[in-house]
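Asks: Here is a sequence together with a model predicted from it:
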Amino acid sequence: MNIFDKYLDKIKKILLDLSKNGDLILPDKLDGITTETPPSKFNSDISTNVAMVLSKANNKLPTDLAVTLAEAIKKSDNLIDDISIIKPGFINIKFKPIFWTNFIEEIIKNFETFGINTNEKKNSYLVEFVSANPTGPLHVGHCRGAILGDVIANVLLFNKHKVTKEYYVNDYGNQIINFTKSVYFRIREIIYKENFPKDNDDLYPGDYLIDFAQNIINLNKKIDFKDFEKISEELTALSIEEALKLIKNNLNILGINHDNFISEKKIVKNHEVEKVIDFLQKNNFVYKGKIKAPAGENNEKWVEREQLLFKSTDFGDDKDRALQKSDGAWTYFASDVAYHKNKLDRKFDYLINILGADHAGYIKRISSSVDALSGKKNKLICKISQLVKLIKNNKPFKMSKRKGDYITVDDLIKEVGKDATRFIMLNRSSDVELDFDFDVVKEKTKDNPLYYVQYCYARIASVYRHLGLELNSKVDVKDYSFEYSKEEIDILKKISEWPKCIEAASTKLEPHRIPVYLYELASEFHSYWNLGKDNPKKRFINDQKEISDDKIALLKVVSNIIKSGLSIVGVDAPEKM
């Protein structure tokens, strides 16, 4: 039950009735009208901007128009206790206490659908995320984007959309050649006691390659590792296999499983790049031309040469983009265009890409290519995962055991655990930098948002244990004639925002709204719980070890929402802490 949508629909019906009677002039569309939660300083439950939206069309001050509209709204609903008008023209609605009793009864009867936008068209989404080069372990920079992509998928699934989670394996190009050579030198280091060429900047120096090399030696006894050229293709496949094993293990400890792993090499070998270039040429989206030096580049060293270029400026990009190198090889962008054609051919309604902060400048060109391939159907949505700063003892924290200049996902999980990593990484909008403070994450206080939310669930579980009840059992409320107190209604008002939270998280692809909401709900609950320390009437269990129906219903709904929200985030809901 979304009370905001319910009252928005009710208000729009009132407007249509007033318009038919000649008492109101309506614009062609009513899209700007909203129903929201009013600021806490107002003693109200729902606020609407309808008078401000319609004031111009009716040539009236918003406050004057609000008087007429407020009267009509109150007449339409016997559950409204009071209506007030707040400058510059908001209409604030306060419900009778029985409204909230009816509200919780409906939630309990229909909890499987509570929060889901049942009126929304259900779409199919392809969410591509992580897609780190298969050359080593995932690091903290990948971690935030991985969690962002996974929870976006979870939110969409909760809202009954179809979702496929995909990882694009960049297993083609110079970085893979250098990676394979790095593994090869580690193999020779083990077998022939040769020194690894550490002065070669093209190679990957990480100690994890020693494990890759040893595994390859152990599992491939028949390979002769004396001549790189003879075994390079086979060694490349084995090296990528080792890297993907490590990456999948990193993802697994984060609680992430992809549906598909798509190989760039396979796309190239299947001539999908040539096919997409042919498509773009037939549709006049490519031409032979020269690119000027990028901003900040030394113009004297820059060599302008004729290249095959994609007309990305036709779609709002600042310059056209190269599809082919001077030696005739395809650029990384060309492979990426082919990959996105592959995505489009699979007939998803929307494509979502999760990109790191260093790829923000790449968005326009890849979006332009998807517009060209799809006929400007706006199918691609790109989300940026900004940088993470690790802090310990109020100082930047470095802790990698495998390589000195980055921190691995494995290191991070060993330090703070999966749940803390997922919750805290998601606790701010992905487009702003995040400070990950190890000291706060380990605290058992309200300053640690994960602990505060999980403790809310554990407290409710403790009440059920004392009563000899199962927390996951169906609630048995026999009588819904009770009325909730002001403090309980404050919790119910926060509960009423759950469908709105899910809707925003789903439509705007902003999953950070969920941990933020859960913390606010937990705060309301803990505040009410603490009242029982001084006032026995506020306690959930009385001296006779009994609980009233109103409290058992309230506990059940709060626990269900906390558990659902934590499940979407990918975090456990412990019954004991």
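Replies: Received, thanks.
Asks: Every contact and neighbour count from this point should use C-alpha atoms.
Replies: Noted.
Asks: in its sheet, what does the worst-scoring helix or strand of the chain on mean pLDDT sit against?
Replies: Taking mean pLDDT, DSSP states H and E as the measure, the helices and strands of the chain show their lowest mean at strand 395-396, namely a mean of 84. Sheet pairing for strand 395-396, assigned by DSSP bridges, gives strand 388-392 (antiparallel).
Asks: pull the CA atoms of the partner strand into PDB?
Replies: Included here for strand 388-392 are C-alpha records, laid out as PDB according to Å, rounded to 0.1, in the frame of the first residue of the first chain:
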ATOM      1  CA  VAL A 388      36.700   5.300  -1.900                       C
ATOM      2  CA  LYS A 389      39.100   6.600   0.700                       C
ATOM      3  CA  LEU A 390      40.000   4.100   3.400                       C
ATOM      4  CA  ILE A 391      40.600   5.700   6.800                       C
ATOM      5  CA  LYS A 392      42.000   4.200  10.000                       C
END
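Asks: Please list the outside residues in contact with it.
Replies: Where contact means CA atoms under 8 Å, 6 or more residues apart in numbering, the residues beyond strand 388-392 that reach it are 140-141, 144, 396-398, 433-439.
Asks: can you redo those residues as a markdown table with neighbour count, secondary structure and distance to residue 207?
Replies: Output for those, formatted as a markdown table (neighbours: other CA atoms under 10 Å; DSSP: H, G, I helix; E, B strand; the rest coil; distance: CA to CA, whole Å):
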| residue | neighbour count | secondary structure | distance to residue 207 |
| --- | --- | --- | --- |
| 140 | 21 | helix | 18 |
| 141 | 20 | helix | 19 |
| 144 | 25 | helix | 24 |
| 396 | 12 | strand | 23 |
| 397 | 15 | coil | 20 |
| 398 | 14 | coil | 17 |
| 433 | 14 | coil | 29 |
| 434 | 20 | strand | 28 |
| 435 | 15 | strand | 28 |
| 436 | 19 | strand | 26 |
| 437 | 19 | strand | 27 |
| 438 | 19 | helix | 26 |
| 439 | 13 | helix | 29 |
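Asks: Could you chop the chain up by domain?
Replies: For the chain, automatic domain parsing gives the domain ranges 3-95, 129-141+149-256+394-442, 270-385, 449-569.
Asks: Could you dump those domains into a markdown table with distance to residue 262 added?
Replies: Below are the domains of the chain laid out as a markdown table (distance: least, CA to CA, whole Å):
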| stretch | distance to residue 262 |
| --- | --- |
| domain 3-95 | 40 |
| domain 129-141+149-256+394-442 | 5 |
| domain 270-385 | 9 |
| domain 449-569 | 23 |
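Asks: Which among the ones you listed is found nearest to residue 264?
Replies: Proximity of the domains of the chain to residue 264 was assessed by CA to CA; the nearest stretch is domain 129-141+149-256+394-442, lying at 5.3 Å.
Asks: So among the contacts of strand 388-392, where is pLDDT lowest?
Replies: For these, the least confidently modelled position is residue 398, at 69, judged by pLDDT.
Asks: Mind listing what's buried along the helix or strand just after the least confident helix or strand of the chain?
Replies: Using DSSP states H and E, the next helix or strand after strand 395-396 towards the C-terminus is helix 409-416. By 16 or more other CA atoms under 10 Å, the buried positions in helix 409-416 come out as 409-413.
Asks: Out of the residues you listed, the closest to residue 124 would be?
Replies: Among the buried residues of helix 409-416, residue 409 lies closest to residue 124 (CA to CA), at 30.0 Å.
Asks: residue contacts, the closest one?
Replies: Contacts of residue 409 were listed using CA under 8 Å, 6+ apart, and they are 137-140, 143, 250.
Asks: rerun that using 10 Å as the cut-off
Replies: 137-144, 247, 249-251, 253-254, 400, 415, 418, 421 (CA atoms under 10 Å, 6 or more residues apart in numbering).
Asks: Residue 137 versus that one, what's the distance?
Replies: Remark: distance between residue 409 and residue 137 (CA to CA, to the nearest Å) = 8 Å.
Asks: Now the common contact residues for those two.
Replies: Common contacts of residue 409 and residue 137, defined by CA under 10 Å, 6+ apart, comprise 247, 249-251.
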